[in-house]
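# Generate a structure from the sequence data that follows.
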Amino acid sequence: MGIPNNAIKKMVRARSNVMISNSAASAIAKLLERRAKTIAKYAVKRAKAKGRSTVLGEDVDYYRMKFGD
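A predicted model of the protein is given here:
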């Protein structure tokens, strides 16, 4: 599991018209994955605190409002 390097490369290329190496794409993917795990953990905790077994967009939005982005 993980964010594919090609997805990162495509995103960088689309926004900057610059090529990106595999190692740079891999490093970005690792950072994004770590951040996503933190957000997911918080969102799950909030959903459970609200008595839900489903994480909603509002749980992710709450994380963003509380901790910024």
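# what's the longest helix in the protein?
Assignment by DSSP state H gives helix 22-49 as the longest helix of the chain.
# what comes up buried for the helix or strand that it is followed by?
Remark: after helix 22-49, the chain's next helix or strand is helix 57-67, criterion DSSP states H and E. For helix 57-67, the neighbour count (16 or more other C-beta atoms under 10 Å) marks 59-60, 62-63 as buried. For the C-beta atoms, the positions are set from N, CA and C on the backbone; glycine is no exception.
# mind putting these in a markdown table, pLDDT and distance to Ala24 included?
Converted to a markdown table, these look like this (pLDDT from 0 to 100; distance: C-beta to C-beta, whole Å):
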| residue | pLDDT | distance to Ala24 |
| --- | --- | --- |
| Asp59 | 95 | 31 |
| Val60 | 94 | 27 |
| Tyr62 | 90 | 32 |
| Tyr63 | 88 | 27 |
